[in-house]
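J.: let's see this in three dimensions:
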Amino acid sequence: MDLVTALARARSAEEPGPGTPAGPAVPAWPGPPHPVPDAAPGELDLDRLLRLSLMASDASGRLRPAASAGALHPVDARLVVGTGCPLPPGRYGYDPLRHRVHHLGPPPHGTPPGVTVELTVTPRRTRSHYGHRAWPLLLLDTGHAAGALWLAARALGAAPTAPRLDGRTEDPLAAVHLPPPTRSRAPGPTPPRRSAPPPLRGTPPRDDLLALLRAAGEASAGELAWCAAVGPPDPGLLRAAPDGTLRRLAAGEARPTLAVWAARQGWIAEAGAVLLGHGCPDRSGAARIRRAHLRAGFAVQLAHVAAVRRGLAGRPVGSWQQADLGAALGGPPGRDLVVHGLALGTTHSEERTP
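T.: Predicted coordinates for the structure are as follows:
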């Protein structure tokens, strides 16, 4: 099935079928596993980079710094290592459960200093639970992984280049180049690791909503528009205006409708706010579909971290069916659909979902 058809089916009201086995959580990388060496002065700290971005913190592999639909983590990482790293130059496959690398071969000609992390997916893992709804989730998860790498590099004092999220290739879907750190750049704060379990209640302050909308808009590089649904006492959809203020896009309570659109997750109807990235018209080409969803995942990863740093609770919401926001606001159908979301609150349940 081509990606255009797959997205149309994922956006439909069709329910997924019975679950299937997810298969191995890590590719069967060839050769023996090797530990990631400690970095020498002036080298990129690959050990901490991978711990902060991709490594699993539990034996099941569910708990990782990058968000993933159903905690299924379909994203796989290949490392293209140049000079300035503790590993010898070459290509490596990364095992996030054991925090080990497998040597795959020599580096390509012209490999720059530092490391380029190429991100691919194993669709079977996500299809095992979401069935035909898997493809947009696979792309969103890849964008989240790219965001986690970008944030981890900044936390280590590196200056990552803009991630490649153009949607032009299927393998890799995305890539992030991280050069060795420079002395002039101070390390940033360590990214948080967990999404908050529902319910998430309490409307975030307007200044926080404005900052998160602007952060998401910048991270999506014009590929999507962003708004936030809020509840009483003044329910409606808000957007960031060019003059740096919050403007009302529409009045009225939108959260119950969003809960239905988001695979009938009822708790969304009571969330303090829901950040929405929308665009990607029906019948978009494959490259645009990939680009929109990769950018959406990247943007929500960054916005989520920014929300946590502001003391808010957040949880990404990636599965959307018949979520035609443009038509709901009186526009033509099929032009402006919800691609990704981030539920926000000032408080959340302390219970952990199984």
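J.: from here on, just use CA atoms for contacts and neighbour counts.
T.: Fine.
J.: skipping its backbone neighbours, what lies nearest residue 158 in space?
T.: Counting by CA to CA, 6 or more residues apart in numbering, residue 181 is the residue found nearest to residue 158 once chain neighbours are left out, at 4.1 Å.
J.: how many neighbouring residues does that neighbour have?
T.: Neighbours of residue 181 under the rule other CA atoms under 10 Å: 23.
J.: my guess is it contacts residue 40, does it?
T.: No - in terms of CA atoms under 8 Å, residue 181 does not count as a neighbour of residue 40; the distance is 11.5 Å.
J.: show me whatever sits in contact with both of these two.
T.: Taking CA atoms under 8 Å, 6 or more residues apart in numbering as the contact rule, residue 181 and residue 40 have no neighbour in common.
J.: stretch 15-26 spans what distance, first to last residue?
T.: 28 Å (CA to CA, to the nearest Å).
J.: buried residues in that stretch, which are they?
T.: Judged by neighbour count (16 or more other CA atoms under 10 Å), stretch 15-26 contains these buried residues: 22, 25-26.
J.: and for stretch 330-338?
T.: In stretch 330-338, counting by 16+ other CA under 10 Å, buried: 334-338.
J.: where does the residue most central in space within the chain land in three-state SS?
T.: When the chain is reduced to its mean C-alpha position, the closest residue under CA atoms, centre = their mean turns out to be residue 144, at 2.0 Å. Assigned with DSSP: H, G, I helix; E, B strand; the rest coil, residue 144 falls in the helix class.
J.: residue 301 is in contact with that one, correct?
T.: Yes - between residue 144 and residue 301 there is a contact at 5.2 Å, judged by CA under 8 Å.
J.: now do the contacts for the residue nearest to residue 158.
T.: In this structure, residue 181 makes contact with 42-44, 156-159, judged by CA under 8 Å, 6+ apart.
J.: of these, closest to residue 190?
T.: The shortest approach to residue 190 among these belongs to residue 156, at 8.3 Å (CA to CA).
J.: give me the pLDDT value at the closest one.
T.: Reported pLDDT at residue 156 in the predicted model: 90.
J.: burial count for it?
T.: Residue 156 is flanked by 22 other residues according to other CA under 10 Å.
J.: any common contacting residues for residue 144 and residue 301?
T.: In the contact map built from CA under 8 Å, 6+ apart, the residues linked to both residue 144 and residue 301 are 66-67.
J.: show me what the biggest strand by length in the chain is packed against.
T.: When the chain is scanned for its longest strand (criterion: DSSP state E), the result is strand 337-345. On a contact count with 3 or more CA pairs under 8 Å, 6 or more residues apart in numbering; DSSP states H and E, strand 337-345 meets strand 200-201, strand 273-279, helix 286-309, strand 313-317, helix 325-328.
J.: between these, which gets nearest to residue 66?
T.: Of all the helices and strands packed on strand 337-345, the one in closest proximity to residue 66, counting by CA to CA, is helix 286-309 (7.3 Å).
J.: just the angle between that closest one and strand 273-279, please?
T.: Angular relation of helix 286-309 and strand 273-279 on a 0 to 180 degree scale: 160 degrees, by axes from the mean of the first three to the mean of the last three CA atoms, to 10 degrees.
J.: in helix 286-309, what counts as buried?
T.: Of the residues in helix 286-309, those buried by neighbour count under the rule 16+ other CA under 10 Å are 286, 288-308.
J.: low-confidence ranges, the stretch 201-350 of the chain, go.
T.: Along the stretch 201-350 of the chain, the parts satisfying pLDDT under 70 run over 348-350.
J.: please repeat the previous calculation with a cut-off of 50.
T.: The stretch 201-350 of the chain contains no residues with pLDDT under 50.
J.: just the strands in the stretch 51-200 of the chain please.
T.: Secondary structure of the stretch 51-200 of the chain (DSSP state E, counting those that start in this stretch): strands at 75-81, 90-95, 100-105, 115-121, 174-178, 200-201.
J.: quick one: which of those is nearest residue 249?
T.: Nearest to residue 249 among the strands of the stretch 51-200 of the chain is strand 200-201; the distance by CA to CA comes to 22.1 Å.
J.: list the pairing partners of the closest one within its sheet, with orientation.
T.: The sheet places strand 200-201 alongside strand 347-348 (antiparallel), with pairing taken from DSSP bridges.
J.: could I get the full set of helices for the protein?
T.: In the chain, the segments counted as helices under DSSP state H are 3-11, 46-53, 123-130, 134-155, 206-219, 255-261, 286-309, 325-328.
J.: need these in JSON lines (columns: distance to residue 243).
T.: Formatted as JSON lines, the helices of the chain follow (distance: least, CA to CA, whole Å):
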{"stretch": "helix 3-11", "distance to residue 243": "34"}
{"stretch": "helix 46-53", "distance to residue 243": "34"}
{"stretch": "helix 123-130", "distance to residue 243": "41"}
{"stretch": "helix 134-155", "distance to residue 243": "27"}
{"stretch": "helix 206-219", "distance to residue 243": "11"}
{"stretch": "helix 255-261", "distance to residue 243": "27"}
{"stretch": "helix 286-309", "distance to residue 243": "20"}
{"stretch": "helix 325-328", "distance to residue 243": "23"}
